[in-house]
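Undergrad: how would this look folded up:
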Amino acid sequence: MISNRLSHLLTSMKQQHLDAVAINPGPSLIYLTGLHFHLMERPTVLWVKSDQTCALVLPELEMLKVKDSPLPVKAFPFGDNPQTWKEAFLQASRYLDLDKKKVGVEPLHLRIMEYDFLKEAAPTAEFIDGSAVFTNLRICKDAQEAAATRKAVKIAQDALKATLPFVKAGRTEKQIAAELTLQLLRAGSDSEFPFEPIVSSGPNSANPHAVPSERVLQHGDLLVIDYGAIYDGYISDLTRTFAIGEVEPEFRKIADLVLQANAAGRQRATSGIPAGDVDKAARSVIAKAGYGTYFTHRTGHGIGMEPHEPPYIFGENELTLEPGMCFTVEPGIYLPDRGGVRIEDNLLITEGSAETLSDLPRELITID
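TA: Here you go, the predicted model:
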């Protein structure tokens, strides 16, 4: 598996005319090596050259991990004295002969600290945005990755089902988020969640990225729960909206519109179409009903080893959907200072179709 991933990387590097790539801890490093390193005050960088030569600069305390790497790498360890770190980078650069070479990096992951060490170690090399290489590397999931994502979805759904009996008027958003976190772990999620659960009620539900607060749920509230699980490194990302007791008629109206928009987006999703068409299908339902200005974000985003990754589902995106791409469909309507509704599912593109991985009820369920 690692050999196939390395071959895919090298092919993409050739297409982008890159001589090497430099990767610090994150999903791409895990994807290529199976090794887990944390971003911390000590730098760690994997270098991969177009001739398959690999070098890894890392702290000495991490050296035991290298022997378990399925990717052959030459290690360049350093001690705790920061004055020695530069030399490790210099040795790695000389080993790879990076003089005047073109090196791709991940702009969303590479920090200034690592970038400075790279520039000092290879001052004649050109460091450029390698996003295209890394997007191509992980955007289409294989059967093993798809299976892990399905498992993450099941864990998340089981956790929400176990949490709902706890949800009622009088609980705070933070209390519900804590219970959901516990149930995610009990259901089998890895402990390093893709993101902290969003539990937002009443006026807070009109904020798509609200943070759980001490607000107490009240009758008449809309309640948005946006959360995910992680299994074997792959994430799920789901949202459902609930009514706490009887809610005003317009809330039920927008809930029905979002339900229709979610269905339209999922129905439109298939291989061979532009990603933007999914957004257009979902958005048109809401716009035609006069609520277009209250749908304030894209219809979805890719999921995999990261909670947000390509493909991004926005109207202008001409990227063609291909089998193996996995993403969310999550239209919403948000009435400022009143309440909001979002319904989010996870999809996997298959040959000539799409599979909706999540199947929790999408209708507005009333919790007394």
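Undergrad: F76: which element?
TA: F76 is part of strand 74-78, with elements assigned from DSSP states H and E.
Undergrad: model confidence over that strand, on average?
TA: In this model, strand 74-78 has a mean pLDDT of 96.
Undergrad: can you map out the helices along the stretch 251-368 of the chain?
TA: Per DSSP state H, counting those that start in this stretch, the stretch 251-368 of the chain carries helices over the ranges 275-288.
Undergrad: could you report the pLDDT at the residue nearest the centre of the chain?
TA: Central residue of the chain (Cα atoms, centre = their mean): P307, 1.6 Å from the mean position. Note for P307: predicted pLDDT of 95.
Undergrad: and it, what does it touch?
TA: Under the criterion of Cβ atoms under 8 Å, 6 or more residues apart in numbering, the contact list for P307 reads P194, F195, G228, I235, D237, H301. C-beta: built from backbone N, CA, C; applies to glycine.
Undergrad: which non-adjacent residue is nearest it?
TA: P194 (4.1 Å; Cβ to Cβ, 6 or more residues apart in numbering).
Undergrad: which residues does the strand holding F76 contact?
TA: With contact meaning Cβ under 8 Å, 6+ apart, strand 74-78 is reached by 42, 53-60, 62-63, 66, 84-85, 87-89, 91-92, 95.
Undergrad: in helices, which of those fall?
TA: The members of those that map onto helices under DSSP state H are M63, V66, W85, E87, A88, F89, Q91, A92, Y95.
Undergrad: what pLDDT does the first one get?
TA: Per-residue pLDDT puts M63 at 95.
Undergrad: which residues sit in contact with it?
TA: A75, P77.
Undergrad: the third one too?
TA: The neighbourhood of W85, defined by Cβ under 8 Å, 6+ apart, consists of R42, P43, F78, F117.
Undergrad: circling back: just give me the least confident of the ones in helices among the contacts of strand 74-78.
TA: Among the ones in helices among the contacts of strand 74-78, V66 has the lowest pLDDT, at 91.
Undergrad: what bits of the protein have low per-residue confidence?
TA: For the chain, no stretch is flagged by pLDDT under 70.
Undergrad: what residue spans form the domains of it?
TA: 2-138, 143-367 (automatic domain parsing).
Undergrad: list phi and psi for the nearest residue to G188 once chain neighbours are set aside.
TA: The shortest distance from G188 to any non-neighbouring residue, by Cβ to Cβ, 6+ apart, is to I155 (4.9 Å). Note on I155: backbone dihedrals following degrees, to the nearest 10 are phi -60, psi -50.
Undergrad: can you report how many residues lie near I155?
TA: By other Cβ atoms under 10 Å, the residues close to I155 number 23.
Undergrad: repeat that for F295.
TA: Using other Cβ under 10 Å, F295 has 23 neighbouring residues.
Undergrad: please apply the same query to P107.
TA: 12.
Undergrad: in the helix or strand Y31 falls within, what's buried?
TA: In this structure, Y31 sits in helix 27-33 according to DSSP H and E. For helix 27-33, burial by neighbour count (16 or more other Cβ atoms under 10 Å) applies to P27, S28, L29, Y31, L32, T33.
Undergrad: what sits against the first one?
TA: With contacts defined as Cβ under 8 Å, 6+ apart, P27 is in contact with R138, G233, G304, M305, E306, E309.
Undergrad: could you redo the last one with a cut-off of 10 Å?
TA: By Cβ atoms under 10 Å, 6 or more residues apart in numbering, the contact list for P27 reads E106, H109, F134, L137, R138, G233, Y234, G304, M305, E306, E309.
Undergrad: Three-state assignment for the second one, please.
TA: Classification of H109 by DSSP: H, G, I helix; E, B strand; the rest coil places it in coil.
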